[in-house]
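Asks: Fold the stuff below for me.
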Amino acid sequence: MAWANPANIDTTNLNDATDSPASARANLKTALDELSIVINGRNTANGVPGLDASSKLSAAQLPDEINSSSATDLTLDPNTGKVNIEEILQLKPQTLTELNARTDKEAGDLAYCSNGNAGSTTLAVYDGSNWKVVALGSTIS
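Replies: The predicted model follows:
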């Protein structure tokens, strides 16, 4: 479904007290058609996602991938100061060379390094100067 187009709304016959109601009829009909497009565009492709009874987006309305615009980081900033991830967090493996080549490193960055612990995989935390190994322990059982 296409989204409403404000260019289709013409107020020429609606903006003066002396305008003819008969002349305004076609303008009002076109404006109401555009409003219907907005109403019918809820929860449709190229429309807007609707909110549930708790004023939240339903899982069906969330995209499977979120990409930030241009070269801007994607920021999650909950009011509580805490992000909860249910289930598993998947970090894309990067080599030590790739991690060191990054120009956007900041203290507290967390990465999965494919060769950062004497050639073995490791979690790594950037301390503001260097990537530090977070040793992987024993196999869970």
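Asks: can you pull out the strands in this protein?
Replies: Per DSSP state E, the chain carries strands over the ranges 110-117, 120-126, 131-134.
Asks: Reformat the ones you listed as TSV; add mean neighbour count, distance to R25 and mean pLDDT.
Replies: To be clear about C-beta, it is placed using only N, CA and C from the backbone, and glycine gets the same treatment. TSV is the format used below for the strands of the chain (neighbours: other CB atoms under 10 Å; distance: least, CB to CB, whole Å; pLDDT from 0 to 100):
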stretch	mean neighbour count	distance to R25	mean pLDDT
strand 110-117	18	63	96
strand 120-126	16	66	96
strand 131-134	16	69	96
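Asks: Go through this protein and flag its longest helix.
Replies: helix 21-40 (DSSP state H).
Asks: can you list contacts of that helix?
Replies: 1-6, 8-14, 47 (CB atoms under 8 Å, 6 or more residues apart in numbering).
Asks: Distance from that helix to the middle of the chain?
Replies: Here helix 21-40 is found 33 Å from its chain centre; the criterion is CA atoms, centre = their mean, to the nearest Å.
Asks: hmm, back to that, quickly check the contacts of helix 21-40 for the two that are furthest apart.
Replies: N13 and G47 (29.1 Å; CB to CB).
Asks: Need the strands of the chain in a markdown table (columns: distance to L74).
Replies: Formatted as a markdown table, those follow (distance: least, CB to CB, whole Å):
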| stretch | distance to L74 |
| --- | --- |
| strand 110-117 | 15 |
| strand 120-126 | 18 |
| strand 131-134 | 22 |
